[in-house]
Structures are given as structure tokens and as C-alpha cells.
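S.K.: Turn this into a structure:
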Amino acid sequence: MSGTGGHHGVLLRVRLDDGTSERVEIAPAILRRYLGGVGLGTRLLLDEGRATTDPLAPDAPFVVVTSPLVGTPLTTSAKFAVVAKSPLTDRIGDALSSDRFAVELKRGGIDALVVTGRARRPLALVLDGERVAFEPADDLLGLPALEAETRLRTRAGAAFRALAIGVAGERLVRYATVSADGRHAGRGGLGAVLGSKNVKAILARGEHPTPLADPERVLALAKDLSRRSLGPATAKYRELGTVANVMLLNRLGALPTRNFGAGSFATAEAVSGEAFQAAPGVVRKHCASCTIGCEHVFEAPDGGGVRLEYQGLFALGPLVGVDDRPTILRAAQACDALGIDVISTGGTIAFAMECAERGLLAGVAPAAEHPRFGDGASLLRTIDAIGTRTGALGRLLGEGSRRAAAAIGRGSERFALHVKGMELPGYDPRALQTLVLGYAVGTRGADHNKSSAYEADLSPETDRTRADVGKGALAARSEEKAALLDSLVLCKFLRGVFRDFHAEAAELLAAVTGWDVTADELRTTAERIVTAKKLFNVRAGWTRTEDTLPEKVLPEPLRGSDGAEMRLTATDLDAMIGAYYRARGWDAEGLVPRPELERLGLDDVAR
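M.R.: Sure, this is the predicted structure:
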């Protein structure tokens, strides 16, 4: 294999039980087959052999990975992936965030970090070049992640960057986030995995730049990509941010309202992106190494700024029946400070609201603790109870809607809107049926980011409101594209900028690494990564019955804004899932046959 660029070829393994660490070579073939980010993280997690381990047990690995593009001048490349078994789903969990932490981690001369064990006392793991240190962090307990990061950098030096958890991670809320500079690797509860290890934060600083096979070519490609990133494909993100989706989805009848009881919100205009943007004090910001600047920070009622995107707005607004902008901002601010995923927070509280409305919380918690649709005060109270794990309801809802429903019983399971334990994002399944197929089969659970098939649903070639087996291949290819972006750790908002994504991604990789990589190779790489994630889940106990949708959205029709009825039956869903398996080359039960493993170069993993 030619070329040595993009990677250091080193994995740092840290064992908290005995305070030891070692640097291990990552085989060049593994780096090329899995790239970095989610791909390499999945392979490392498989190699750890802990698929059946409780995700909150000391032996459960916590993996942080960069990519060959991190540390280059390519726009949006300052990202890292966190990979572990999810305490929310008991299946593979992976999440990404943006910050210079990714760059400093890689400048430490490593491509990935694997942490195992449990520290005796709360600590911060400090990676200072090749030095590994364990600093006491007792005084940081209970602090928001951002404040903990600030204090640690004041002590260690401004050159350090950090990721950290909030109080929710410390208290093992199953959808706690991992944060870096206020941005969250949010879904799946990986903050609880770090919290279970008694690690409050990880700091990194290094002096090893990313090696480039062809620096001049990389710079030329970076300039061209930066220029194109400021074109019409990203205009929506720059001007309004993702909150612009509220009115579009409301018109399509796809805006989940009151725990997916409806697809449109009567007062959607009050919480539209336009309404938020019209308020004073809005500031636009950029992630590290990003030219797009999609981040919109809104002035909070009680001071400070709040990063708000569509998923948080939907989950803390229409989903729970709240149309008061100050309340939504306070709720988002509270989730950030506590370190909990906004989608699972809103979804779990909406579940509790429907249970309260139907009298199912009687005997579970005092009536004064019950949250109610449209009641902003009860929303804020419940968020605080969840994040701090206080009160009977806070402790219960901190487990997520699936476990909460199992504890409550009495038919409440029907109102828990999740797939594999992960609460549904802000698109009603009946209105976007290619995307929802991605929800059903997704290895991470209900997930728009790992599928992104709403692009197909919103194209003129696809009827988004009708199930058909042709959607199987569409969902598979969309999932592969997302996996490739997550392994290169480029922002998904760039996807519309590329004229030929696979060909251009191959060109970027070739310039950085020196590999003679092709578009076809990257297509196979993406298939390999998706299948590797599936193999982890199979080892963890996955069965065909998990690939489904919540009962509530299957038999009940949804009416669009034009009055047309949208419906997705269990039979139609099953047919689409079968078509997806066939598009993947899997068998009727969703298992991966031996020839397919061999084609993708996964036979060593299967052994």
C-alpha cells in the first residue's frame, strides 16, 4: 500500500483500573478499510470483544476516534466520533461532535483512544503529547460540561482542548451526552458510559501535525471546497439554521406534535425558525475549521446564549405541545447544562405526558410531578428532575421511554415512541416513508442522521407518503453515504455541495493519504462499515423483531395539511424491510451470509 498521509497509525489504550496506558500500532490495512470516525471506531469496538458486556460495566470500552482528514485545511473536518455500546439501546452507539479537541487529540500522535475500567475517584484524563496523566476532578462534579472544560483549561493551559460530561452523565442518565465546547455528541447516552468510568473530562494537547501525502493538492482542494461550501446548497443553514424546517414540515404534515398524535402544530408559526430569528440578540457562529456557520445562538431569557437546532426545537416545542419561545429556550439551555440529549429528553417527557393524560402515572409519582402537554413549567421541572435523577419520576424517566414504559406497564408501551430504545427524531414516519425505513433498520435505533433518507422522500422521484419495495435500495444507499461522511468525519451539511460525492471524497483521501483510492472502493468501504455495525448488534443479541416501528404510528392514519390521509401498515413496513435486506445482500432474517462477509473483507471479524 502506498502513502503514509492522514494517519499516525497509533491507538492509545488507557486502563483506568490500574492507571496504565500503552500505544499500539493500527495496521495500515485496517485504516484503509475503515478510514476513521465511526468506521474505525466500530472496528475497534468489535476487536474489544465486549458486545455482550453491560455498557455501564467497567470492562465496557469507550472509544474516541478522529479521521485522516482531521488536522487538514478541509472545511468541517475538525470532528471526532465517540463509539461505545449504548446504555439506552444496548446496541452499538456512535455520535459525533465538532471542536478543536479532535485536532489536539490527533496532534498527540494518535488516531484513536480506547478507555476501559473504572477510576476509584472522579478524574480528568489528561493527554499531553505522549504523556498520560490522571488529575483529580472531585471539585468538578455537578458542573455543566462547558464550565468543567473551562476550569480544566485554566489549570492545564489554554492550548488544551477538552470533552466533558454534565451531571446527567455522572448520574448515569441513559441518554446523557458527551460535550466539547458546548456542542454535543448527543444520541445514545455515551456520556453515561464515560460517567460510569468516573471520568468527568478528557483533555488533549499535541505537537504532531497531520501528515499529508500531497500538501499542495490538499490546499487546492480545500480552497475549492470552502468556496463551494458558501453556495446555494448551504444557504438555508447559514441564514436560518435547521430551525427553518419547522414550517416546511408543518406544511407537509410531518411535524410530530403531542407525542406523534398529529403531524401539524396549530401554533407552529409562533415557534418557527423565522420567529426565533426575528428576536433580538441572535448570533451566528462556526464550528472549528468550518466555513458554513450554521450555528445560531439565541439570547436566553435568563441570560447567556442558547444553541438551538430543529431537533431541539421540535422535541421541546411541538412534541410536548409547548409554543412559548422563552420556555423552549430555557428548556434547551437546561438540557445543554445538564448534558442530556434533547431528542430523547423531549420524547421521554412526551411519553410521560401522554401517560399522565391517560391516568397511567397514578401510583408512579405524585400528581404534582406529572408533566402535562402545553405546560411549560412542568416541562422545565421534569427536565431538571431527569438530568439530576431526583424524584420518583426523574429517576424513572432518566432510563428512557422504553424502560420507563416497561416499568409502568398497563399498556403504556404503546405510547413510547422509540426504535431499539432510541426515541424518534422530528419527522413523522407516516409522512416520510423512505426515512422511516431507515429508522426501523438503523443499527443505532431511530435516527435521521444515520439514514438521511429524507432527501429521497423530498425529491420529485419518490412518493414520500406511500410504501413501496423500491425504497429498500434507496434507504440502503442513503445509509451508506451517511456512514462514509461519519467515517471521514465531514459535516453532513456538505453533502449537497459535492457534485459527485464518492469521486470527490476519493480525490480528497488520495491527496491526504497517498492511497490510490477510487469511488467504487469507497462505496464498498461504506457497505463494510454499515455491515460491521450490524455484526456488533448481532453479537449483542439483535433479532429480526427489533427492526420495526412503534405500534402507535403503524395502525393510526395521519392527515396532511391538505387533508390527505397518510398511513403505514405493518405489512407494508415488513415488505420494505425485506427489500432493504435484499439490497444489502442479507438473508430474510436480516443476518449477513458468509459470502457477503467475505466480499466486504469482514471474514476476519466474523471469525
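
S.K.: Identify the residues contacting the closest residue to F493 other than its chain neighbours.
M.R.: Beyond its immediate neighbours in the sequence, the residue positioned closest to F493 (CB to CB, 6 or more residues apart in numbering) is Y237, lying 5.3 Å away. Any C-beta I mention is one placed from the backbone N, CA and C, and that applies to glycine too. By CB atoms under 8 Å, 6 or more residues apart in numbering, Y237 lies in contact with 292-294, 493.

S.K.: now V114
M.R.: 11-14, 44, 48, 61-63.

S.K.: next one: T382
M.R.: 349, 352, 369, 371, 393-394, 397.

S.K.: Most neighbours among these, please name it.
M.R.: A352 (33 neighbours; other CB atoms under 10 Å).

S.K.: Quick one: residues contacting that one.
M.R.: Counting by CB under 8 Å, 6+ apart, A352 has contacts 361, 370-371, 382, 393, 397, 404.

S.K.: G421 too?
M.R.: So G421 contacts 86, 88-91, 400, 402-403, 445 (CB under 8 Å, 6+ apart).

S.K.: and which of those is nearest to R414?
M.R.: R402 (12.1 Å; CB to CB).

S.K.: is it fair to say K236 lies in a strand?
M.R.: No. Counting by DSSP: H, G, I helix; E, B strand; the rest coil, K236 falls outside a strand, being helix.

S.K.: Isn't it up against V243?
M.R.: No. Counting by CB atoms under 8 Å, V243 is not a contact partner of K236; they are 10.1 Å apart.

S.K.: ok, back up a step: quickly note the distance from the residue nearest to F493 to A446.
M.R.: 23 Å (CB to CB, to the nearest Å).

S.K.: can you give me the strands in the stretch 201-350 of the chain?
M.R.: 283-285, 295-299, 305-307 (DSSP state E, counting those that start in this stretch).

S.K.: Next, format these as CSV and append mean neighbour count.
M.R.: Output for those, formatted as CSV (neighbours: other CB atoms under 10 Å):
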stretch, mean neighbour count
strand 283-285, 12
strand 295-299, 20
strand 305-307, 19
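
S.K.: Out of those strands, which is closest to T525?
M.R.: strand 295-299 (29.7 Å).

S.K.: before we move on, back to that, ok, K236 and V243, which is more surrounded?
M.R.: Ranked by neighbour count (other CB under 10 Å), K236 and V243 place V243 first, with 24 against 17.

S.K.: could you list every residue that touches the more buried one?
M.R.: 272-273, 276-277, 296, 308-310, 313.

S.K.: closest to A505 among those residues?
M.R.: For the contacts of V243, the nearest to A505 is E309 (25.0 Å; CB to CB).

S.K.: list the contacts for that closest one?
M.R.: 241-243.

S.K.: May I see those organised as TSV, with distance to A356 added?
M.R.: Converted to TSV, those look like this (distance: CB to CB, whole Å):
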residue	distance to A356
G241	32
T242	30
V243	28
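
S.K.: Can you list which of the residues you listed are found in helices?
M.R.: Per DSSP state H, helices hold no members of the contacts of E309.

S.K.: and stretch 586-599, C-alpha only, in PDB?
M.R.: Coordinates of the C-alpha atoms in stretch 586-599 are reproduced here as PDB (Å, rounded to 0.1, in the frame of the first residue of the first chain):
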ATOM      1  CA  TRP A 586     -28.600 -10.100   3.800                       C
ATOM      2  CA  ASP A 587     -30.900 -13.100   4.400                       C
ATOM      3  CA  ALA A 588     -34.600 -12.900   5.100                       C
ATOM      4  CA  GLU A 589     -33.900 -12.600   8.900                       C
ATOM      5  CA  GLY A 590     -31.500  -9.700   8.400                       C
ATOM      6  CA  LEU A 591     -28.400 -11.800   9.100                       C
ATOM      7  CA  VAL A 592     -25.200 -11.400   7.000                       C
ATOM      8  CA  PRO A 593     -24.400 -14.500   4.900                       C
ATOM      9  CA  ARG A 594     -20.800 -15.800   4.800                       C
ATOM     10  CA  PRO A 595     -20.200 -14.900   1.100                       C
ATOM     11  CA  GLU A 596     -21.300 -11.300   1.900                       C
ATOM     12  CA  LEU A 597     -18.800 -11.100   4.800                       C
ATOM     13  CA  GLU A 598     -16.100 -12.400   2.500                       C
ATOM     14  CA  ARG A 599     -16.900  -9.900  -0.300                       C
END
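
S.K.: Mind listing what's buried along it?
M.R.: Within stretch 586-599, the residues scored as buried using 16 or more other CB atoms under 10 Å are 586, 590, 592, 596-597.

S.K.: wait, which of the contacts of Y237 is closest to R228?
M.R.: I292 (10.7 Å).

S.K.: Just give the nearest non-adjacent residue to the closest one, would you?
M.R.: Here the residue nearest I292, using CB to CB, 6+ apart, is T234, at 5.0 Å.

S.K.: so how far is E22 from the residue nearest to F493?
M.R.: 42 Å.

S.K.: Measure how buried the closest residue to K552 other than its chain neighbours is and give me the count.
M.R.: Excluding its sequence neighbours, the residue lying closest to K552 (CB to CB, 6+ apart) is R414, at 5.5 Å. Residues lying near R414 (other CB under 10 Å) number 12.

S.K.: gap between R414 and C335?
M.R.: Distance from R414 to C335, by CB to CB: 26 Å.

S.K.: And G374, by the same measure?
M.R.: 19 Å.

S.K.: Correct me if wrong: A483 contacts A532.
M.R.: No. Applying CB under 8 Å as the test, A483 and A532 come out as separate, 9.5 Å apart.

S.K.: tell me, what's touching the two both at once?
M.R.: G39.

S.K.: thinking again about what came up before, ok, the residue nearest to I292 - how many residues close by?
M.R.: Neighbours of T234 (other CB under 10 Å): 21.

S.K.: Could you do R372 as well?
M.R.: R372 - counted by other CB under 10 Å - has 16 other residues nearby.

S.K.: That one: what secondary structure?
M.R.: coil.

S.K.: which residues does it contact?
M.R.: So R372 contacts 353, 356-357, 378 (CB under 8 Å, 6+ apart).

S.K.: Can you show me the CA trace of stretch 111-124 as PDB?
M.R.: Taking Å, rounded to 0.1, in the frame of the first residue of the first chain, the C-alpha atoms of stretch 111-124 are listed here in PDB:
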ATOM      1  CA  ASP A 111      -5.800   8.300  15.700                       C
ATOM      2  CA  ALA A 112      -7.900   6.700  18.400                       C
ATOM      3  CA  LEU A 113      -8.300   6.400  22.100                       C
ATOM      4  CA  VAL A 114      -9.800   3.400  23.900                       C
ATOM      5  CA  VAL A 115     -10.700   3.800  27.600                       C
ATOM      6  CA  THR A 116     -11.600   0.800  29.800                       C
ATOM      7  CA  GLY A 117     -12.000   0.200  33.500                       C
ATOM      8  CA  ARG A 118     -13.300   2.500  36.300                       C
ATOM      9  CA  ALA A 119     -11.300   5.000  38.300                       C
ATOM     10  CA  ARG A 120     -11.500   4.900  42.000                       C
ATOM     11  CA  ARG A 121     -12.200   8.600  42.300                       C
ATOM     12  CA  PRO A 122     -13.600  11.200  39.800                       C
ATOM     13  CA  LEU A 123     -10.800  12.300  37.500                       C
ATOM     14  CA  ALA A 124      -9.900  14.100  34.300                       C
END
